[in-house]
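>>> I would like to see how this sequence folds:
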Amino acid sequence: MINLICIGIEGTAEKTGVGIVDDEGNILTSQGKQLIPESGGIHPREAAEHHTASIVPLIKDALVESKLDITDIDLVAFSRGPGLGPALRTTATAARSLAISLNVPIVGVNHCLGHVEIGRLTTGAEDPVSLYVSGGNTQVIAYESERYRVFGETLDIAMGNCLDQFAREVGLGHPGGPKVEDHARNANEYIKLPYAVKGMDLSFSGVLTAAIRKYESGAPLDDVCYSLQETAFSMLVEVTERALAHTKKQEVMLCGGVAANSRLREMLKIMSDEHYVEFYMPPVKYCGDNGAMIAWMGQLMQKNGITQKIEDTTVIQKYRTDQVDVPWMKSSKKHLILPEEITEKGAEANLYKSKWLNQNVFIKERVPKSYRIPEIDHRLRKQRTKKEAKLLSEAKRCGVKTPLIYDINKQEKALTLEEINGNMVKNIFEDASMEKIKNISRKIGENIAKLHNCGIIHGDLTTSNLIMEDDEIIFIDFGLGKNSDLVEDKGVDLLVFKKAISGIHYKIAAQCFDEVLKGYREADDYSKIIEKIEEIEGRGRYIPNLNTV
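So this is what the prediction gives:
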């Protein structure tokens, strides 16, 4: 039986890639050539010129290595986006020319999903939470019926870009990731840097600026590299951990160019072990941008009847991950089995059933995270335990129902909390009628308004952190919360919730968030906050489309 042969052309940024994969997933070849600028970052025009000069020679090399003739090609796939406009257009033009000359079908594929799917192909992972980290993208991705959803992402620059910018500023050159990693191995001391996690999203601009300033102030380069790496990677692993706790998946996968960093691999493996889930990572040669991942995505789309006419092969610079139907994917039927003594394992803490003066209680213990160095771990657990206890009490005074606090154990970073016997809103939304979902959503909005009117930002609003008991909404897990009256912070708080529901409740997300905003109308500065939400979304790298099916 003759297999269908697909050639894939990758060219979203500075790396040109050509790969050939058959319809059984056999990678016949993967050729690549990277543009390394003499100074500064990657210029889109220079990237396009690099692709123009590299694509044809790489196609020839790929055919030689795979022992194929150009006439053996049955399908052409190319990276349609996201990426640099000139680079994408050059790649698309080459792919169209090849498809027309061979008179074969063509398909433009999503670059981000290429990383996920080559990872699943080469590792055997079925249905993972994927941490995708590269020079241009940083996302936490997971499948939820019919499409991949973005559960968390960078709100500013990508992880690889952060490392590259730092390296350029301190004179290490490009690419920065490997050089920062080398210097980090020789460090003697950790230097405190900003740690910015917002729900399942994160921000690297603050830690980047602070790291550069530390170096300019005379801090040893090795120590700054180590501190930048440990802080940024801890943030990455934490948001992956939050997505894992929210989705209840049984696998974690690391992909993208930054996956080559051994410390990041180590940290994610430790986190996965602590959550009793499997950890996967593709071979390093398939972590960075490559043509094989584009070819395999082409095969998956072709098998499921998804190809395009030549006139429809336009590029999409901001090609969202959740814009692509993935009919080949299925949710895994694996179930997580926790040790008997652990009632619930969240992203930050374990819950244990216990007794307090004959009252049924939960012990919420912020257990040490072995993937974080002690200097970061101790600080975060201490801060968040104190902050949560404070905000739980303040929220009650604002008319928002929260669990009672019976005891605070500062040494163990643990809270003894009233046992709540209600049902998680996440579970209710799975089976409830639309009318009931709307009613609950309005109540959620009303309570968020009460919090914001009191200057309380929850910081991690998801349907996993809201419980229904006796027709009341109970807010839990204020560990990422803070006191603030800033319109910006209130807008971000609502957007955290919007992102969460668009990931796991996508079919009802638009109606749900509309009802939340209706309930939120009693908020002080309501109009300014709604305007701010639109502004924040407008400057974001990725805007969740709640109308996407």
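>>> isn't there a strand covering K364?
Yes. Assessed with DSSP: H, G, I helix; E, B strand; the rest coil, K364 lies in a strand.
>>> In contact with it, which residues?
Counting by CB atoms under 8 Å, 6 or more residues apart in numbering, K364 makes contact with A349, N350, L351, A414, L415, T416, L417. Glycine gets a C-beta too; all of them are placed from N, C-alpha and C.
>>> Could you save these as JSON lines and add columns showing neighbour count?
Below are those laid out as JSON lines (neighbours: other CB atoms under 10 Å):
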{"residue": "A349", "neighbour count": "24"}
{"residue": "N350", "neighbour count": "20"}
{"residue": "L351", "neighbour count": "16"}
{"residue": "A414", "neighbour count": "20"}
{"residue": "L415", "neighbour count": "23"}
{"residue": "T416", "neighbour count": "21"}
{"residue": "L417", "neighbour count": "23"}
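>>> Looking at the residues you listed, spot the one nearest S370.
Nearest to S370, judged by CB to CB, of the contacts of K364 is N350 at 13.7 Å.
>>> how much space is there between that closest one and P368?
11 Å (CB to CB, to the nearest Å).
>>> now the strands: where do they sit in the stretch 1-150 of the chain?
5-10, 15-22, 27-34, 75-81, 106-110, 129-133, 138-144, 147-153 (DSSP state E, counting those that start in this stretch).
>>> List just the one of those that sits closest to D223.
strand 129-133 (23.0 Å).
>>> how much does that closest one deviate in direction from strand 147-153?
60 degrees (axes from the mean of the first three to the mean of the last three CA atoms, to 10 degrees).
>>> Strand 129-133 versus strand 138-144: what angle between them?
Going by the same axes, to 10 degrees, strand 129-133 makes 150 degrees with strand 138-144.
>>> Okay, buried residues for strand 129-133 please.
V129, S130, L131, Y132, V133 (16 or more other CB atoms under 10 Å).
>>> Off-centre distance for that strand?
Taking CA atoms, centre = their mean, to the nearest Å, one finds the center of strand 129-133 at 6 Å from the center of the full chain.
>>> what packs against it?
helix 111-123, strand 138-144, helix 221-247, strand 251-255 (3 or more CB pairs under 8 Å, 6 or more residues apart in numbering; DSSP states H and E).
>>> by contact count, what packs against the first one?
What that stands for is helix 111-123. Packing contacts for helix 111-123, counted by 3+ CB pairs under 8 Å, 6+ apart, involve strand 75-81, strand 129-133, strand 138-144, strand 251-255, helix 291-303.
>>> Make TSV from these and add mean pLDDT and distance to C162 to it.
Converted to TSV, the helices and strands packed on helix 111-123 look like this (pLDDT from 0 to 100; distance: least, CB to CB, whole Å):
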stretch	mean pLDDT	distance to C162
strand 75-81	97	22
strand 129-133	97	10
strand 138-144	93	9
strand 251-255	97	17
helix 291-303	97	23
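>>> For the ones you listed, give me TSV that also has distance to E65.
TSV is the format used below for the helices and strands packed on helix 111-123 (distance: least, CB to CB, whole Å):
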stretch	distance to E65
strand 75-81	18
strand 129-133	27
strand 138-144	31
strand 251-255	24
helix 291-303	12
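>>> now the protein, which segments are flagged as low pLDDT?
1-2, 38-41, 335-338, 340-345, 539-549 (pLDDT under 70).
>>> residues contacting the nearest residue to I59 once chain neighbours are set aside?
Nearest residue to I59, sequence neighbours excluded (CB to CB, 6 or more residues apart in numbering): V18, at 5.4 Å. Residues counted as contacts of V18 (CB under 8 Å, 6+ apart) are 7-10, 29-32, 55, 58-59, 61-62, 291.
>>> what about S464, how many neighbours?
Neighbour count for S464, taken as other CB atoms under 10 Å: 23.
>>> residues in contact with it?
A245, H246, G346, M424, V425, K426 are the contacts of S464 under CB under 8 Å, 6+ apart.
>>> Show me what the fourth one is bridged to.
Note on M424: beta-bridge partners by DSSP bridges are I467.
>>> In this structure it contacts L466, no?
Yes. Assessed by CB atoms under 8 Å, M424 is found in contact with L466 at 7.3 Å.
>>> Walk me through the domains of this structure.
5-120+287-323, 124-284, 344-397+404-418, 423-539 (automatic domain parsing).
>>> Of those domains, give the one that comes closest to M329.
domain 124-284 (5.1 Å).
>>> Quick one: end-to-end distance for that closest one.
15 Å (CA to CA, to the nearest Å).
>>> just stretch 96-116 next, same as before
25 Å.
>>> N439 - how many residues pack around it?
That count, for N439 with other CB under 10 Å as the rule, works out to 15.
>>> Make 41 the first number, not 1, from now on.
Shifting the count to begin at 41 puts that one at N479.
>>> Tell me who's in contact with it.
E555.
>>> Quick one: the strands in the stretch 341-490 of the chain, in order.
Going by DSSP E, counting those that start in this stretch, the stretch 341-490 of the chain shows strands at 384-385, 390-396, 399-405, 445-449, 454-458, 463-464.
>>> Pick the most deeply packed of those strands.
strand 454-458 (a mean of 21; mean count of other CB atoms under 10 Å).
>>> That one - contacts with which helices or strands?
By 3+ CB pairs under 8 Å, 6+ apart, strand 454-458 packs against strand 399-405, helix 414-437, strand 445-449.
>>> I appreciate the help and will end here.
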